[in-house]
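Have a look; sequence and predicted model below, questions after that.
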Amino acid sequence: MNAHASTARTERSQPIHIGDHLRDWRQRRRMSQLDLAGDAEISARHLSFVETGRAVPSREMVLKLAERLDVPLRERNVLLVAAGYAPAFPQRSLEDPALKSARQAIDLVLRAHEPNPALAVDRHWNLVSANRMVAPLLDGIPQRLLGQPFNVLRLAFHPEALAPRTVNLAEWCGHLLERLHRQCEATADPELIKLYNDLKSYPIPARSGPLSSDNVAIPFKLRHEGEILSFFSTTMVFGTPVDITLSELALETLFPADERTAERLKQMAAGMT
């Protein structure tokens, strides 16, 4: 399924009962009724009855099918409501006392990653939090583009933000688009699909050719104060969340890809103390 197909799905009338939702997710995952029924340990006949509205699944069955289909927690609540049950997964603010330990863990990871940049983003790539090494990399960007919460991907593509500073713009933005496309495929989130289409409209050059065999990952090369800083990135997520906010949070951490970048980051950090 490509992004256009995903967009078409969001533009059509929304499913009206649990069977419509399940069929939609099953087809999105490219699974047959027989495949899903086998994974969920039910008969294909019973699953067919559920999808056509001739049978109503139990709450436990809805959750089991959603798990087998790897449905995001937010959408699992939608399935439950469509089947006539109460939502199972809460969505709290990160400031909620119940998420205090999670918030502390996020802050700990961000601080511990210094002198390297790290940030936390929500499901739509809006900035949630960042360590102090991120701000220097954004110096000179118009303040109107940094309103809270600003979108990290839009900043990467915007011609008045990071795009003109990114040395390998075609490769880096191509990587970001591919990653966002996979998220659109996995979640069918209308906001992500809109973001994907918006980013594709930016004037990003085409890739000139394959990466050098010397690279082990696509680097992010950024011009900063007359130097070129080179990073590779990793992503961290909460492993077993049952809260929607935590399930949709990602920590993006940048590591120096060469000794010169590592030394420059140490100097920048020292200048902040």
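Looks like it arrived, so ask away. Numbering: from 1, shown residues only.

Mind jotting down where the strands sit in the protein?
Counting by DSSP state E, the chain has strands at residues 118-121, 127-130, 220-224, 227-237, 250-256.

Now mean neighbour count and mean pLDDT too, for the ones you listed, in CSV please.
Heads up, the C-betas are built off the backbone N, CA and C, glycines and all. Shown next, in CSV, are the strands of the chain (neighbours: other Cβ atoms under 10 Å; pLDDT from 0 to 100):
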stretch, mean neighbour count, mean pLDDT
strand 118-121, 22, 98
strand 127-130, 18, 96
strand 220-224, 18, 96
strand 227-237, 16, 96
strand 250-256, 19, 97
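
Distance to Ala82 added to these, as a markdown table?
Formatted as a markdown table, the strands of the chain follow (distance: least, Cβ to Cβ, whole Å):
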| stretch | distance to Ala82 |
| --- | --- |
| strand 118-121 | 29 |
| strand 127-130 | 30 |
| strand 220-224 | 41 |
| strand 227-237 | 27 |
| strand 250-256 | 28 |
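
So which of these is nearest Ser43?
Of all those, strand 227-237 sits nearest to Ser43, with 34.7 Å by Cβ to Cβ.

residue ranges with poor pLDDT in this protein?
Along the chain, the model assigns pLDDT under 70 to residues 1-15, 208-216.

residues in contact with stretch 36-56?
The contact list for stretch 36-56 (Cβ atoms under 8 Å, 6 or more residues apart in numbering) reads 17-20, 22-23, 26, 31, 33-34, 57, 61, 64-65, 68-69, 83-84.

Just give the closest residue to Glu252, not the sequence neighbours.
Leu119 (5.4 Å; Cβ to Cβ, 6 or more residues apart in numbering).

Now do the contacts for the one you found.
110, 127-131, 134, 152, 251-252.

now Pro142
Contacts of Pro142 by Cβ under 8 Å, 6+ apart are 160-161.
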